[in-house]
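Asker: would you be able to build a 3D model of this:
(2 chains)
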Amino acid sequence: MRKNKSVLLSVPYILWMVAFTLIPLCVVGYYALTDPDTGAFTLDNIRDLGMYMPVLGQSVLYSLISAGLCLLLGYPVAYYIAHRTPVMQKILYMLVMLPMCMSFLLRTLAWVGLLQDTGIINNFLDWIGIGRLQLIRTPGAVILGMVYNYLPYMILPLYATLVKIDNRLIEAAEDLGCNSLQTFTKVILPLSVPGIFSGITMVFVPAVSTFYISQKLGGTDTVLIGDLIERLFKQGDNPNLGAVLSLVLMALVLVCTGIMNRLGKDEEGGVIV
Amino acid sequence: MRKANRILTVLMFVFLYIPMVVLIVASFNTGKDITNFEGFTFGQYAELFRDKDLLGLLGNSVLIALLSTGISVAFGTLAAVGIHSLKPKMRKAVLSLTNIPMTNPDIVTGVSLSLLFVFVGTGLLSQRESLNFGTLLLAHVTFGLPYVILNVMPKLQQMNPALTDAAMDLGCTPVKAFFKVIIHEIMPGVVSGGIMAFTMSLDDFVISYFVTGSDFVTLPVEIYTYTKKPIHPKVYAMFTLLFGLIFVLMLTMNLLQLRSDRKRASKRPVSRGWKIARRWIAGVAAASMVVGCGFLFVNGRQDKTVLNVYNWGMNMADGTDGTMDLVAEFEKRYPNIDVRMSEYESNEVLYSKLKNGGISVDVIIPSDYMIHRMRNEGMLLELDFDNIPNFSYVDEQFKNPDYDPENKYSVPYTWGTVGILYNTKYVDEADVTGWELMWNEKYAGKILMIDNSRDAFGIAQYLLGYSVNTTDKAELQACADKLAQQRPLVQQYVMDQIYATMENEEAYIAAYYAGDCMLMMEENEDLAFYLPEHQGFNLFTDAMCIPSCATEKEAAELFINFMCDPEISGANMDYICYASPISAAKDYMEEYLAESEIVYPDEELLSKGTSYQFLSEETSRYVEGLYQGATKINSGSVEEQPSGRNFVWLAVAVLAVGVTGWFLFGRKKRKS
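Answerer: Predicted coordinates:
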């Protein structure tokens, strides 16, 4: 009796989520299948898709590289934080969180100031006699922007799993004759797999869909799928094609997160940092 | 191993914080450029506090974050209780529904919500303004809810169900049991979910960018438009203050938590002080929500008419550099009207926004061909010229133009040309022979191309000798090929970003509008402007119109009339450096502008210019598609790039410096 009543509390929420997550996706689907001029049913938008595949491939490539770099750079940091005193852990955790709370637009803009041909780094290199390098508007700059912006998303879940590893396990491994490398590969690494996968997902998803980073740090050859969607909606005046690309992007992300979830199944989701 | 770890951690923190240091340093800079520290000042902070708009935007962001968090927390907590008592299968389904906004890329969520709101609002309910404060709030609640649910659910699962039963056995009603027992058990989850929802909402850019209307803009969305223009250092000042604020907040939160943890360890379950502090925090949060709602209510109930003016970026005098602040002047003359300005980058953006956006604005200033297009599609209202007596000041040659033959829909605002701006320090005068300069490989990577389909195609058409109003598909295709060929040489496709890039000599050559070029030439003496008269150039008129989505037509006409006052027009031109269609305005303009060859080219030169005409809906879309293809999509021929190599070297250098520094530092310590 009581249970039945509290079940009712979930009804408005379910309705809300259906109305604002499922139905919007259906609307996107509707736009994807209609002609921009006449509004009639058409498959033209989907037929044009092939043209955009290189851009999609490039987005996936860049964000995978970024996710890999984030893992390489973030793992030692997370490991380091997880092995500090509790007070130190709190402080370092806060320092990792802090950049996430500041405007990522302005922080990315600061990178423009650092990297551009007349920017801070190049002025410095010029001053010490090395001469100016082409830094901005290269794929490297876009990847740097992604790594910079999403590194905390890698560190935080990694830290969360690393800190939970029971120290006695490590001691046991050492007692049984493992050297530090073996302890790492046989004990620590396997236990941190869920954190690795949720970290990769959390870096990959925003990286693959970004448009601001590539607009600011990229050149004319580093257009990403997010750029195209943004342009098609905001200036290209072709929301229908934009809708198709959005669906493709969504499918891509779903497939990737599906794979990641399956691989790191030991722990559910891992969305909560 | 451990040492390497430590060095890397320090380097990573340096990496995370360097850009913020750059911004903080920039906030104390007397100059405008982030890369060049000219002198120390607190002036930017003073500027910031004088700028009511910027603080208002921050207020907007906080307001929407508070409201959406409040709703998400209340709604989400109740829903979590409901979901908790669902059957496992159903629960799983609902939780995967909850996961959709979490796993979907922000851009897809933003796009899908904006399409939904426009589809329902404009399509089904025929609202004028289907994107507004309400839809923004809906969107924020929608992405805030999952955070609350996902944080509360585990707490509910951990809770002992016997607790509720005990409470009910002791005579509590279910509602009472919820407030007396359950809520205390799940509080930590509610708080952390709320904090997450709040930070996400406060800092959200992507979703807000797609669902924002014209009536309510949040700070991140406005910062996005700022970053396309030369950004004012007072924005950095605000960043610095926010940084300080958030830093202190996080620190106190951590310290409080640490203290309570320690107290808990020393057996006292929850300290009284912490209990009181919690009550205070809740009290302050509730009070600020009430104040926020009150603020909103008052704001919504203003007696003033709100006039939304939608204009090009940097296209109206705003009081900086000793010019007249036209909005303030207008509000002084008409105290009942509150003018709100917002900006677009190009005619195409304006058109997209009005066509798909579901926004409501009262005055727009499109160019000739776009006015024609909008007129054709019924997107403009007929003006009542009885309310615009100052129209009589407009020169005869600008009345009844081709794009509006009976002059029913538009009143000219400015006119001008599109030419080439180049830096004489780097560009060989001998190369300045015509539009082919934009294709000169000598300046590869230093060329800025104008970022809108019509002007870009226009330039290709002048170069190839086609008519700018051609509808011939073969000719258009040839233009697209020409633009694709140019792409490897182009540094960026820009509109308002051109200012910073040309002024600090990041690029040497750009095609742009004459007025803006004049402004840049005032900032950097080495810049020069060139009109390729032998090939032809675009001659444009921008005119004020009232779109059919307008709600305040009379106030809009008052505004248009005000802008036609010769004195006002003259003062305006002093700032924007374009030519006024009102000759009488020249008397009020600065002499050097009124006599400038760039602003007012002579008759002979003008005769070489041509204006764009509206082609057709189909051709416009065709051109747009070609443009996107030519300028945005990899044509496969990616030539060799320095790509990542420079970054690898840079990273190696930084690492080397870090390691040596560490060893030096470490040794010193050991000695002492």
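
Asker: residue contacts, residue B:427?
Answerer: Contacts for residue B:427 (CB atoms under 8 Å, 6 or more residues apart in numbering or on different chains) come out as B:437, B:443, B:508-509. C-betas here are computed from N, CA, C, even on glycine.

Asker: show me what the lengthiest strand in chain B is packed up against.
Answerer: The strand spanning the most residues in chain B, taking DSSP state E as the definition, is strand B:411-423. Where contact means 3 or more CB pairs under 8 Å, 6 or more residues apart in numbering or on different chains; DSSP states H and E, strand B:411-423 is packed against helix B:453-464, strand B:509-513, helix B:514-523, strand B:527-530, strand B:537-544, helix B:553-563.

Asker: let's have these in a markdown table, adding mean pLDDT and distance to chain A.
Answerer: Shown next, in a markdown table, are the helices and strands packed on strand B:411-423 (pLDDT from 0 to 100; distance: least, CB to the nearest CB, whole Å):
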| stretch | mean pLDDT | distance to chain A |
| --- | --- | --- |
| helix B:453-464 | 95 | 8 |
| strand B:509-513 | 96 | 14 |
| helix B:514-523 | 92 | 14 |
| strand B:527-530 | 96 | 15 |
| strand B:537-544 | 95 | 18 |
| helix B:553-563 | 94 | 24 |
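
Asker: using CSV, lay out the ones you listed together with mean neighbour count and distance to residue B:32.
Answerer: Shown next, in CSV, are these (neighbours: other CB atoms under 10 Å in any protein chain shown; distance: least, CB to CB, whole Å):
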stretch, mean neighbour count, distance to residue B:32
helix B:453-464, 24, 27
strand B:509-513, 25, 19
helix B:514-523, 21, 9
strand B:527-530, 19, 16
strand B:537-544, 25, 27
helix B:553-563, 21, 28
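
Asker: OK, contacts around residue 164?
Answerer: By default, I'm working from chain A. Counting by CB under 8 Å, 6+ apart, residue A:164 has no contacts.

Asker: my question was about chain B, not that one.
Answerer: Neighbours of residue B:164 in contact, by CB under 8 Å, 6+ apart: B:177, B:181-182.

Asker: can I get the residues you listed in JSON lines with neighbour count and pLDDT?
Answerer: Listed next are these as JSON lines, based on neighbours: other CB atoms under 10 Å in any protein chain shown; pLDDT from 0 to 100:
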{"residue": "B:177", "neighbour count": "21", "pLDDT": "83"}
{"residue": "B:181", "neighbour count": "19", "pLDDT": "83"}
{"residue": "B:182", "neighbour count": "21", "pLDDT": "85"}
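
Asker: name the nearest of those residues relative to chain A.
Answerer: Comparing the contacts of residue B:164 against chain A with CB to the nearest CB places residue B:177 closest, at 9.0 Å.

Asker: what's the first helix or strand after the helix or strand of chain B with the lowest mean pLDDT?
Answerer: Averaged element by element with mean pLDDT, DSSP states H and E, chain B has its least confident helix or strand at helix B:272-300 (a mean of 63). Using DSSP states H and E, the helix or strand that directly follows helix B:272-300 along the chain is strand B:305-312.

Asker: between the contacts of residue B:164, which sits nearest residue A:75?
Answerer: residue B:182 (39.5 Å; CB to CB).

Asker: so the closest one touches residue B:80, yeah?
Answerer: No: Residue B:182 is beyond contact range of residue B:80, at 10.1 Å (criterion: CB atoms under 8 Å).

Asker: overlap of the contact sets of those two?
Answerer: residue B:156.

Asker: work out for me the element residue 15 sits within.
Answerer: This is for chain A. Per DSSP H and E: helix A:10-17 holds residue A:15.

Asker: let me rephrase: I mean chain B.
Answerer: helix B:2-26.

Asker: tell me the mean pLDDT over that helix?
Answerer: The average pLDDT for helix B:2-26 rounds to 91.

Asker: other SSEs contacting that helix?
Answerer: Counting by 3+ CB pairs under 8 Å, 6+ apart, helix B:2-26 packs on helix A:53-82, helix A:86-101, helix A:104-115, helix A:139-164, helix B:234-265, helix B:645-671.

Asker: need those in CSV with distance to residue B:108, can you?
Answerer: Converted to CSV, the helices and strands packed on helix B:2-26 look like this (distance: least, CB to CB, whole Å):
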stretch, distance to residue B:108
helix A:53-82, 13
helix A:86-101, 21
helix A:104-115, 18
helix A:139-164, 17
helix B:234-265, 28
helix B:645-671, 30
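
Asker: what's the closest of those to residue A:22?
Answerer: helix A:53-82 (24.5 Å).

Asker: how far does that closest one sit from its chain's centre?
Answerer: The chain centre lies 8 Å from the centre of helix A:53-82; the measure is CA atoms, centre = their mean, to the nearest Å.

Asker: could you do stretch A:198-205 as well?
Answerer: 5 Å.

Asker: just the residues contacting that stretch, thanks.
Answerer: With CB under 8 Å, 6+ apart, stretch A:198-205 has contacts from A:63-64, A:66-67, A:70-71, A:74, A:146, A:150-151, A:153-158, A:253, A:256-257, A:260-261, A:264, A:269-271, B:103, B:105.

Asker: list the buried residues for it?
Answerer: Within stretch A:198-205, the residues that qualify as buried are A:198-205, counting by 16 or more other CB atoms under 10 Å in any protein chain shown.

Asker: ditto for stretch A:10-27
Answerer: For stretch A:10-27, the neighbour count (16+ other CB under 10 Å) marks A:10, A:13-14, A:16-17, A:20-21, A:23-25, A:27 as buried.

Asker: which bits of the stretch 201-350 of chain B sit near chain A?
Answerer: Contact residues (CB under 8 Å from any CB of the partner chain) of the stretch 201-350 of chain B with chain A: B:202-203, B:205, B:210, B:219-220, B:223-224, B:227, B:231, B:235-236, B:239, B:242-243, B:246-247, B:250-251, B:254, B:257-258, B:345-346, B:348-349.

Asker: any chance you could map the helices in the stretch 51-200 of chain B?
Answerer: All helices of the stretch 51-200 of chain B, identified by DSSP state H, counting those that start in this stretch, fall at B:52-84, B:88-103, B:106-118, B:133-158, B:161-169, B:174-177, B:183-203.

Asker: buried ones in stretch B:185-202?
Answerer: Neighbour count says stretch B:185-202 has B:186, B:189-194, B:196-202 buried, by 16+ other CB under 10 Å.
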